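A.B. asks: Please work out how this folds:
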Amino acid sequence: YDNNQFFNADQFSNRVRMDKDTNDLIITDAQLADSGSYTLTITPPDRAATSWGPYKIAMYKRPEPLLINSSPAYKNNEHAIKISDNPTQKKVIATCIAKGAAPAMKLHWKIDTENGQTVIVTQGDQPQNSEPVFEADGTYTTKLDLDIVVESRFNGKNFICQAEQPGIPADENVKITNSMMVNVLFPPEDTRLEMVEFTGISSDPNSIDSNSPVQREVVCRSNANPPPRFNISMPSGALMPRGGASKPMLSYRVPFENSGLDYRCTARNSLGVENVQRSVDDLMNLDAGGSTIIFGLPLWAWIIIIL
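C.D. replies: Next up is the predicted model:
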């Protein structure tokens, strides 16, 4: 009998048989409903009955492949999400779904970082929304939202939903995953002006005099998505590029003018604008790597010579 209820072969649709040599009870086409405690009782006609058991059988079912549902508002632009206006306001940007599992799956969200993967959302963070739902077929559906404060640092990052199934044999509890890459839209930030070596390839080739011994350029860089357009005001007062604004890009180079005045750079995209200013003297004192310049050589070069 099963769970203290006697059964006959009809209840198991001829799925039960006994091995005559070993007396093993064999259930074919096993189902989740077959879980329970089983006891074998033999009652000979000439003596008292003998029982073996109970023996507990716990059936389990592995889940279907993990699903990640992102908000319909983000699907048309590769999960594009605008940066949060409120630095403490979380947004649900995706939901991980594990279906068809018994016992229920345990989910968490991770993010790829330079130091490996870091867990950022667990079911314990959402006790009201992530409770497994028992389905009519005896399996469970578990969902976990990816709710985060959307920041520019998440742009291009890979978010991974990972699922494991506590309560089944360890060698069968193979973690399963699914992932999505997030495209965060944000206005220009960390816009800066730097002195760089002239590479021979300029953002605006018409602005470079090939006969002039130009050794350095000034570059304006900015982090933004979509990439910004640049306008640079030269120390001479000229505006670069001559067409009014550069093509969308993450940096823009202009010739170096040693006039003692300031460079001004504006980076602009559809979400915002950022302006920066830096004097020629400041640019000459610090190269792109931040090393102090002394008579054309970086400070570390003079240290080596002195030593």
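A.B. asks: I'd say residue 98 and residue 105 touch.
C.D. replies: Yes. If you go by C-beta atoms under 8 Å, residue 98 and residue 105 touch, sitting 3.9 Å apart. Bear in mind the C-beta positions are built from the backbone N, C-alpha and C, glycine included.
A.B. asks: Need the residues touching each of those two.
C.D. replies: Listed as contacting both residue 98 and residue 105 by C-beta atoms under 8 Å, 6 or more residues apart in numbering are 63, 142, 163.
A.B. asks: My read is that the last one contacts residue 175, right?
C.D. replies: Yes. Contact between residue 163 and residue 175 holds when scored by C-beta under 8 Å: they sit 6.7 Å apart.
A.B. asks: mind listing the helices for the stretch 101-250 of the chain?
C.D. replies: Shown for the stretch 101-250 of the chain, no helices are assigned by DSSP state H, counting those that start in this stretch.
A.B. asks: any weak-confidence spans in it?
C.D. replies: 199-215 (pLDDT under 70).
A.B. asks: just the strands in it please.
C.D. replies: Assigned by DSSP state E, counting those that start in this stretch, the strands in the stretch 101-250 of the chain fall at 106-113, 116-122, 133-134, 140-148, 158-164, 176-181, 183-197, 216-225, 229-233, 239-240.
A.B. asks: Show me what the second one is packed against.
C.D. replies: Yep, that's strand 116-122 we're talking about. Applying 3 or more C-beta pairs under 8 Å, 6 or more residues apart in numbering; DSSP states H and E, we find strand 116-122 packed against strand 106-113, strand 140-148.
A.B. asks: Export those as a markdown table, with columns for distance to residue 182.
C.D. replies: A markdown table is the format used below for the helices and strands packed on strand 116-122 (distance: least, C-beta to C-beta, whole Å):
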| stretch | distance to residue 182 |
| --- | --- |
| strand 106-113 | 9 |
| strand 140-148 | 9 |
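A.B. asks: And residue 25, how close does it get to residue 14?
C.D. replies: Between residue 25 and residue 14 the computed distance is 14 Å (C-beta to C-beta, to the nearest Å).
A.B. asks: And these two? Which one has more around it.
C.D. replies: For residue 25 versus residue 14, neighbours defined as other C-beta atoms under 10 Å are more numerous around residue 25 (14 against 9).
A.B. asks: how about the nearest residue to the more buried one, chain neighbours excluded?
C.D. replies: Nearest residue to residue 25, sequence neighbours excluded (C-beta to C-beta, 6 or more residues apart in numbering): residue 18, at 5.8 Å.
A.B. asks: what's the answer for residue 233, then?
C.D. replies: Spatially, and ignoring its direct neighbours in sequence, residue 233 is nearest to residue 264 (4.0 Å; C-beta to C-beta, 6+ apart).
A.B. asks: so that neighbour, which of the three states?
C.D. replies: The three-state label given to residue 264 by DSSP: H, G, I helix; E, B strand; the rest coil is strand.
A.B. asks: So what pairs up with it in the strands?
C.D. replies: Residue 264 forms beta bridges with residue 233, residue 277, as assigned by DSSP bridges.
A.B. asks: Which residues are in contact with it?
C.D. replies: By C-beta under 8 Å, 6+ apart, the contact list for residue 264 reads 232-233, 275-277.
A.B. asks: nearest to residue 44, of the strands of the stretch 101-250 of the chain?
C.D. replies: Closest to residue 44 of those, according to C-beta to C-beta: strand 133-134, at 43.0 Å.
A.B. asks: helices or strands up against that closest one?
C.D. replies: Strand 133-134 sits against strand 140-148, with contacts defined as 3+ C-beta pairs under 8 Å, 6+ apart.
A.B. asks: State the pLDDT value of the closest residue to residue 29 other than its chain neighbours.
C.D. replies: Excluding the flanking residues, the one nearest residue 29 by C-beta to C-beta, 6+ apart is residue 15, at 5.2 Å. Residue 15 is assigned a predicted lDDT (pLDDT) of 80.
A.B. asks: Burial check on residue 64, number of neighbours?
C.D. replies: 14.
A.B. asks: how close does it sit to residue 44?
C.D. replies: In this view, residue 64 and residue 44 are 48 Å apart by C-beta to C-beta.
A.B. asks: Please give me every residue in contact with residue 81.
C.D. replies: Residue 81 makes contact with 74, 91, 93, 150, 182-185 under the criterion C-beta under 8 Å, 6+ apart.
A.B. asks: and if we set it to 7 Å?
C.D. replies: 74, 91, 93, 150, 182, 184-185 (C-beta atoms under 7 Å, 6 or more residues apart in numbering).
A.B. asks: The residue of the chain most remote from its centre and residue 18, how far apart?
C.D. replies: In the chain, the greatest distance from the average C-alpha position (C-alpha atoms, centre = their mean) is reached by residue 46, at 70.9 Å. For residue 46, the distance to residue 18 (C-beta to C-beta) stands at 21 Å.
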